[in-house]
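> below: sequence and its predicted model.
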Amino acid sequence: MELKDLFLTPFYLVLLYLLAYAVRPRVTNKYTRPYFIPALTLKFVGAIGLGLIYQFYYGGGDTFNFFSGAKGIHLAFDKSFQAGLKLLLTSGKVYDPVTAPYTAGILWYQTGGAEYLLIRIAATLGFLCFNTYTVVGLLFACLSFSGVWMMYITFVKYRPQLYQQLAWAVFYLPSVFFWGSGLLKDSLCLGALGWVFYAFYKGAIQKRSIVQCVIIGLLAAYLLAGLKIYILLCFVPAALLWVFNENNARIKNPTARLLAKPVFFGLGLAVAFVAVTNLTKGNDQYDLNKIGERSKINSDYLYRVSVSQNGSAYNLGAQDGTVGGMVKLAPKAIGTSLFRPFLWEARNPVMLLSALEAAFFLVFTLRIFFRTGVIATIRLVAQTPLLTLCFVFALAFSASVAISSSNFGTLVRYKIPMMPFYLAGLYILESLARTPARPRPAAATAAARPSRPQLVPAG
């Protein structure tokens, strides 16, 4: 951070708040409006706090390395517009004598991967704010918030009487607004995931503004694929099952609906498999034929580094580098991702926050099982398409990130995309368990409440 951060940040905060107040009437109603500005403020606090923690607690880290790369692109523009433009528009894979003098100081340039994509995005936003770190972080927070807000709106359209609880699930989890707000890949991925979720809901379930939703969904999915493709690998199959289950629920005849359910389920699995296969085809890290081997390499490396630095390592058991081996570790990995670190495993204040969240998830989950019963809970999840999405995605994602991490410090960051879905799923599940009548499908609910959700008794 530099002196200009101190002077420019308040000015840009005022501009961003003015923009937020101008946009708020278009995306809120009288029930959701009170959460818009506070939730955005938390994102700003997270973005600024992230920079301060990295500078004064960690003494550096990824966020400043990304910004250093963005500064390198701006330096190239200062000396050669052609070189700067090439750095901004290319992926960093190809050697070019025009850009070579400026790439030596840009970390991750040669990989041509997700890190350099983030650097290019940060450099582009830097043109709007004199390349000021804190302001770039605030702009990342805004991009993230846009998708997170659409995630919240989608959940509220399904269960409007839970607008308060869903706000807690989506906006107020400390790990989510801290790690998902600043100049990191996690911020953009969280926002993009929210937009993909919204596009599936409005386009494929409500069947409204289909062209617009296809464009939004593809752009957000492209960003996710470029930054963290494994989020898509876990979300797309769950989302396709959600869509097929919702359409099956629209069949009025009970016998026809029962007969069609396995057809829709099988079709959803088939489409999901084709989508995942095409997403990972040719990817050295996430190709289905190599994913087990790459997960083992990454997990072993992080575990060795964590142990050598006396860090917060955990061990799920030996991996054999196969998908089957990953499946065997999945139950333990899910428990680790959702309910650990335990309070006694926290070694610093940041990890303590994650441990408190994990303890809350554990208590909440056990409470639902105790009150509703395990079998009844599973049946309710299977009968409610949105809950199927929430828990299939959360469990699959939890298993994948915990298996490949082996370090609580990285796991805290990696798991934030699933946390709003898991907690929102718990709140919705608890509400449905207290409601005698089965709720209408999400599409029908939304059609009845196209603009303003109407509150009904929660129990």
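In hand now; what should we look at?

> so how far is Ala358 from Ser400?
18 Å (CB to CB, to the nearest Å). All C-beta spots, glycine's among them, are computed from the backbone N, C-alpha and C.

> repeat for Arg250
Remark: distance between Arg250 and Ala358 (CB to CB) = 38 Å.

> those two: which is more packed in?
Using other CB atoms under 10 Å, the more surrounded residue of Arg250 and Ala358 is Ala358, with 26 against 12.

> quick check: pLDDT value at the more buried one.
pLDDT for Ala358: 92.

> surely it touches Phe339?
Yes. Look at Ala358 against Phe339 with CB atoms under 8 Å: they come within range, at 5.0 Å.

> show me where the stretch 151-300 of the chain has helices.
Under the criterion DSSP state H, counting those that start in this stretch, the stretch 151-300 of the chain carries helices at the ranges 163-171, 174-179, 185-199, 210-227, 229-249, 254-280, 291-308.

> tell me how far Ile205 lies from Met326.
Going from Ile205 to Met326 by CB to CB gives 31 Å.

> tell me which element the nearest residue to Leu343 once chain neighbours are set aside falls in.
Leaving aside its sequence neighbours, Leu343 sits nearest to Ala355 (CB to CB, 6 or more residues apart in numbering; 4.9 Å). For Ala355, the host element (DSSP states H and E) is helix 349-372.

> where does pLDDT dip in the stretch 251-400 of the chain?
251-311, 320-323 (pLDDT under 70).

> picking up where we left off before, ok, and what's touching the helix holding Ala355?
Contacts with helix 349-372, where a contact means CB atoms under 8 Å, 6 or more residues apart in numbering, come from 53, 173-175, 178, 312, 338-343, 345-346, 377, 380, 408-409, 412, 419, 422-423, 426, 429-430, 433.

> quick check: what element follows it along the chain?
The helix or strand immediately downstream of helix 349-372 is helix 374-383, counting by DSSP H and E.

> list the helices and strands that next one packs on?
Applying 3 or more CB pairs under 8 Å, 6 or more residues apart in numbering; DSSP states H and E, we find helix 374-383 packed against helix 349-372, helix 385-405, helix 419-434.

> identify all contacting residues around stretch 63-73.
Residues from elsewhere that reach stretch 63-73 (CB under 8 Å, 6+ apart): 50-51, 54-55, 84, 87-88, 102-103, 105-109, 115-116, 118-120, 122-123, 126, 131, 133, 136-137, 182-184.

> out of the residues you listed, which end up buried?
Buried members of the contacts of stretch 63-73, counted by 16 or more other CB atoms under 10 Å: 50-51, 54, 84, 87-88, 102-103, 106, 108-109, 115-116, 118-120, 122-123, 126, 131, 133, 136-137, 182-184.

> now, which of these lie within helices?
Secondary structure from DSSP state H places 50-51, 84, 87-88, 102-103, 115-116, 118-120, 122-123, 126, 133, 136-137 of the buried ones among the contacts of stretch 63-73 in helices.

> pretty sure Phe235 contacts Ala394?
No. Here Phe235 lies out of contact with Ala394, judged by CB under 8 Å, at a distance of 10.2 Å.

> what about Ala20, how many residues nearby?
Close neighbours of Ala20, defined as other CB under 10 Å, add up to 16.
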